[in-house]
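Undergrad: sequence isn't available, so here's the structure alone:
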């Protein structure tokens, strides 16, 4: 298997799934992104990305229990797979490696 | 918690249901709902609803839609390849049927494209003016006291007073620019040795500011400010001066009523074909003949006027201001007219008011007569015909697919056994019909290029294919192709895909085809073509009747020549001189003079006799008028140049005698000048009614007079030439004219052509109808031909057995054709009442018309049957003559 690449938004969503654990579904991810990063994401964009990640085998999904809100509709809960975790880890490591190569310039005027 | 629970709008949900795969739908809907509930508490219900719609629509996303199982099947390229291959093989295998289908569909599509171009052209009329929204044509709406008709008490016309335009400009603040526009009169134009008659247009300087016609040379702010300015189009410039640049500053001599010299100060681009106004030579309005007389008289209506209003003008108050203008300038006159009117006019009715029409609506407003105005109903008629032809072609496709389904039966069985779902098969057959429609579209484009010039001829348009309309046309035809492909393909695909594999594959089916459903289709198709056949036969007969009807005068070998001397006694002298000179010529039979020839305009006078309002058409004549035209006198005598009192006498027609209820017309006087002292004009003769109007109208009261003062001068000369050698006669007339009038151009028309031109529009519509009918017949015959072929194949064995048993050839022929005769008779019985109704409507335009007799319909039925029989006979004869040993030996 060749090396898979993730887009920036894909990586973000995948991380969010990792963070939220059992509570990782569309709305929760949108809210989490807003709260932690101040970033506005569109619901459909998050959904599309989740499905794409699922196709790549980085997350898996199952239907949650019935709810009283949401018009009684169930949530689709996403869970990060081992492959997903490995992908996140390798991204983190390769980024760190690269970061070390950037000359650590002193920022003047702080 | 309130009792009111906010709910999101429902309609985006339907879109979601359509585009989201069922497995994902629940969580998506749930997330949206949750988002909505959160939004309600944070942003309020209104904003939350808006967000909900917005968020839902964002889910119409290719990555969502393509997750549907359905689309995955459709887009499976492997199957698509297979469908393509099978479709191509099938088309190649049955070339004839594929040809019939593709040909029919492409003609239908081609017609639709032509109609689309036609309608687009109609809609594009006058749309190119920058200020089109602000440009209005002022129109009069007046109570019609003259020809009172209680159904239409008001007369509407674009011809208004010459004095209005200056008043509008100075008195109404709403009016930014205003121009008068008199077009169509002809004058003699001279530059050095070039003398020709041209159409003149008299306008005001504002014309160039109002309309967006591009001034190629000259200053748009200044042209036509001087009384001696003239602006011409490039064609005139080339004709007289060689080029646009050469023309500038040159002097042209233009003569209408009197000769005047003008300086060319501008060259303006030609008005396009889709413009309601057109021009060649633009002259200042002040030089229009009798301008001074007209501008001082508010009772004369003789010029159309256009205005450009300031933006944001209140049209209601503008109308009121216009009415105030009328009251101020001619209130007294209107009151006088009201009192004098022959019919009582209610007090609350305004004698005269102004209305106005915005420039983009001029072309389709048939209420007001205008050059090139067109009735939207023509678009409907054409569209209807295109639809009929397309419908016939679709029926062909359906019928042929159904009847040839036998050969596809095994294929369907095998596909199903291998695992094809029914909907896959539906897609497959749908795909095939789309493919065929796609091919047809290309053929249709080729046909379009081929037929466009003919179509332009028929419809009197100048449509071209260019980069502006081609993309739209392609888009339109692509859409149409999709619709037709799916529509025509849907029934056959459902029909073909329903076969049960077990039944098909074990061979329980006989090879005979059941074509139950196709029969009504064929009947319908035949009824449509029958309708077209009957209609065109009736139209043809009527046109034939009109063109050959005895008109009451002799219209052959008669030259109509304008005397080119304006409305003056000089015109009379031109005729007189020509007559004297022509007396020595053997090729010229006689020469007469009149005010206007038939279909070249008329005058009609209204007058009151004993308090009753009457109207009659008036033609100026000379003593040679009746003999030249060969008009028959029933009573009295012709004008006699030696009797002085004849100059004020009249010759009337029988219709006028009937109208006046005279019993002894020769002892009557017609006081049409409303002379209060004398008795009026003496009646010296009565002519037999003849058709001086078109045959759409009946005989109207008319009289002839030599009265120069009241009726007019001989502005038209009629020259009868010998039938022995028409070209030589024409040449002789021309030579004489040049000899007698070296400064006047020689323009002529033949009277019979003038008369025929009255029916030009009918002639055009008849050609279109014939065109459509021929195609409809061809397409439906092709369909019938295909069906008959299948029928013959179905019954090959039956025929073989019958022949072995000793059946005659004729009985087999009869056997095979019987049902088609029944089908066509049925079709005709449906088409006859319908076409009778439609044609009755069409014929009601004519006062003189043919009777729709049973023989006419009989003829159409016989013709149609013959065509149908000829079509199906090929197969019948072939099936009947085949050697039974050939067909039966495989059993």
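TA: Cool, the structure landed. Values in this document were obtained by computation on a predicted structure and should not be read as measured data.
Undergrad: please list the residues of chain B that sit near chain A.
TA: Applying CB under 8 Å from any CB of the partner chain, we find that chain B lies next to chain A at B:24, B:26-35, B:37-38, B:55, B:58-59, B:61, B:63-64, B:67. The C-beta positions use only the backbone N, C-alpha and C, and glycine is treated the same way.
Undergrad: show the buried residues in those residues.
TA: The neighbour-count test (16 or more other CB atoms under 10 Å in any protein chain shown) marks B:24, B:26-35, B:37-38, B:55, B:58-59, B:61, B:64, B:67 as buried among the residues of chain B next to chain A.
Undergrad: how far away is the spatially closest residue to residue B:171 that is not a sequence neighbour from residue A:22?
TA: What sits nearest to residue B:171 in space, not counting adjacent residues and going by CB to CB, 6 or more residues apart in numbering or on different chains, is residue B:325, at 6.4 Å. Separation of residue B:325 from residue A:22 (CB to CB, to the nearest Å): 84 Å.
Undergrad: thinking again about what came up before, list the contacts for the residue nearest to residue B:171?
TA: For residue B:325, the contacting residues are B:164, B:167-168, B:171-172, taking CB atoms under 8 Å, 6 or more residues apart in numbering or on different chains as the criterion.
Undergrad: same check, this time on residue B:616
TA: Under the criterion of CB under 8 Å, 6+ apart, the neighbours of residue B:616 are B:604-605, B:607, B:656, B:659, B:672, B:700-703.
Undergrad: make it 10 Å
TA: In this structure, residue B:616 makes contact with B:603-607, B:650, B:652-653, B:655-656, B:659-660, B:670, B:672, B:700-703, judged by CB atoms under 10 Å, 6 or more residues apart in numbering or on different chains.
Undergrad: mind checking what secondary structure it has?
TA: Here residue B:616 is recorded as strand under DSSP: H, G, I helix; E, B strand; the rest coil.
Undergrad: same thing with residue B:679?
TA: The three-state assignment at residue B:679 reads coil, by three-state DSSP.
Undergrad: shaky segments in chain A?
TA: A:1-4, A:105-110 (pLDDT under 70).
Undergrad: again, but for the stretch 751-891 of chain B
TA: Per-residue confidence of the stretch 751-891 of chain B (counting by pLDDT under 70) places the weak regions at B:889-891.
Undergrad: and if we set it to 50?
TA: For the stretch 751-891 of chain B, applying pLDDT under 50 flags the ranges B:891.
Undergrad: burial count for the residue in it that chain A sits nearest to?
TA: Closest approach between the stretch 751-891 of chain B and chain A, counting by CB to the nearest CB: residue B:779, at 49.1 Å. Applying other CB atoms under 10 Å in any protein chain shown, we find 25 residues neighbouring residue B:779.
Undergrad: without its sequence neighbours, what residue ends up closest to it?
TA: In this structure, residue B:779 finds its nearest non-sequential neighbour in residue B:104, 4.4 Å apart by CB to CB, 6+ apart.
Undergrad: same question, residue B:861
TA: residue B:828 (5.0 Å).
Undergrad: quick check: residues of chain A near chain B?
TA: When proximity is defined as CB under 10 Å from any CB of the partner chain, chain A approaches chain B at A:25-31, A:42-52, A:55, A:61, A:63-64, A:67, A:69-78.
Undergrad: buried subset of the residues you listed?
TA: Of the residues of chain A next to chain B, these count as buried by 16+ other CB under 10 Å: A:25-31, A:43-44, A:46-52, A:61, A:64, A:70-71, A:73-78.
Undergrad: biggest strand in chain B, by residue count?
TA: As far as residue count goes, and with DSSP state E defining each element, the longest strand of chain B is strand B:175-191.
Undergrad: which stretches of chain A form helices?
TA: Secondary structure of chain A, counting by DSSP state H: helices at A:8-20, A:26-37, A:43-55, A:82-101.
Undergrad: what is the rounded mean pLDDT of the helix or strand where the residue nearest to residue B:171 lies?
TA: Here residue B:325 sits within helix B:315-340, counting by DSSP states H and E. Across helix B:315-340, pLDDT averages out at 85.
Undergrad: list the buried residues in it.
TA: Of the residues in helix B:315-340, those buried by neighbour count under the rule 16+ other CB under 10 Å are B:318, B:321-322, B:325-326, B:329-330, B:334, B:337-338.
Undergrad: and stretch B:557-568, by the same measure?
TA: Residues of stretch B:557-568 classed as buried: B:557-566 (neighbour count, 16+ other CB under 10 Å).
Undergrad: narrow those residues to those in strands?
TA: When DSSP E defines the strands, the subset of the buried residues of stretch B:557-568 inside them is B:558-562.
Undergrad: distance to residue B:6 and pLDDT added to those, as a markdown table?
TA: As requested, these are arranged in a markdown table below (distance: CB to CB, whole Å; pLDDT from 0 to 100):
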| residue | distance to residue B:6 | pLDDT |
| --- | --- | --- |
| B:558 | 86 | 89 |
| B:559 | 87 | 89 |
| B:560 | 82 | 90 |
| B:561 | 86 | 89 |
| B:562 | 82 | 86 |
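Undergrad: nearest to residue B:291, out of the residues you listed: which one, please.
TA: residue B:562 (21.9 Å; CB to CB).
Undergrad: contact partners for the closest one?
TA: The neighbours of residue B:562, taking CB under 10 Å, 6+ apart as the test, are B:186, B:188, B:197, B:571, B:574, B:596-597, B:600, B:715-717, B:744-749.
Undergrad: so which residue of the stretch 551-700 of chain B comes closest to chain A?
TA: Of the residues in the stretch 551-700 of chain B, the one nearest chain A is residue B:696, at a distance of 65.8 Å by CB to the nearest CB.
Undergrad: understood, closing this out.
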